[in-house]
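Undergrad: kindly generate the corresponding structure for this input.
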Amino acid sequence: MPAAPKLKLSYAAYAKREGASDTKHEFFNGEIFAMTGGSIAHGRLGTRVRDAIKASLPRGCGCVVEGPDIRVRTPSGKGTYPDGFVVCGKLETDTEDPESVTNPILIVEVLSESTEAYDRGKKFDHYRSLASLEEYVLVSYQDPLIESHVRNPDGTWTTTYAGRDETLHLRSIGARVEVNAMYEGMTQSDGVMRVTE
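TA: Predicted structure coming up:
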């Protein structure tokens with residue numbers, strides 16, 4: 001007997017299901033995928049990066065920093081929850097789901113061993129489909145290191161890195177964040193950053 005075809009959800013059905021779920025899911029091509037929980041260090045790094053970006057934004061700039069509870073939908077059809085993102089100007093939402101943002105200018109992902117290849121590869125491909133996206137920031141889970149991928153006017157991307165004792169310039173929003181501040185109270189143990197305070 002042939003296997004039953006997999007049921008494909010519409011984005012609107014996914015969004016409705018998410019509203020009633022205790023677990024976050026990613027959406028793509030009619031399918032949903034449960035998102036894994038993060039470590040204490042992952043959560044702390046995400047919070048620190050969002051707080052640092054918010055604190056460094058010029059007053060009255062019209063930009064807002066959002067956290068991992070807000071969905072982003074890409075033109076490629078991906079629905080996901082970045083560790084953080086920034087919207088400047090009017091917040092735009094998806095036509096099928098008013099709770100999914102469609103115009104982040106900057107997106108932050110804190111890497112983990114299980115998601116690093118995905119965050120650098122397919123997920124970045126989806127994010128690149130956002131016309132509004134100017135900068136994609138990846139935060140290392142192994143070392144005090146933050147990398148920024150900035151979209152150039154010709155559509156190519158330039159990558160810069162900032163490590164221990166350095167400052168990362170977030171060009172898309174005109175802000176600067178100190179790398180050491182992101183990793184304060186953390187040390188490297190068994191090849192990953194761990195919370196010590």
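Undergrad: can you classify the residue nearest in space to the middle of the chain by secondary structure?
TA: Central residue of the chain (CA atoms, centre = their mean): residue 82, 2.9 Å from the mean position. Put simply, residue 82 is coil when judged by DSSP: H, G, I helix; E, B strand; the rest coil.
Undergrad: run through the bridge partners of the residue nearest to it when sequence neighbours are not counted.
TA: In space, and not counting its chain neighbours, residue 82 is closest to residue 107: 4.8 Å by CB to CB, 6 or more residues apart in numbering. Every C-beta, even on glycine, is put in place using the N, C-alpha and C of the backbone. Beta bridges link residue 107 to residue 85, residue 136, judged by DSSP bridges.
Undergrad: so who does residue 146 touch?
TA: Contacts for residue 146 were tallied using CB atoms under 8 Å, 6 or more residues apart in numbering; they are 49, 137-140, 161-163, 168, 177, 179, 182.
Undergrad: host element of it?
TA: Applying DSSP states H and E as the criterion places residue 146 in strand 145-151.
Undergrad: neighbouring strands - and their directions - for that strand?
TA: Short version: by DSSP bridges, strand 145-151 pairs with strand 135-139 (antiparallel), strand 157-163 (antiparallel).
Undergrad: what separates that strand from the chain centre, distance-wise?
TA: 12 Å (CA atoms, centre = their mean, to the nearest Å).
Undergrad: circling back: the residue nearest to residue 82 contacts residue 136, doesn't it?
TA: Yes: the pair residue 107 / residue 136 is scored as a contact, 5.4 Å apart, by CB atoms under 8 Å.
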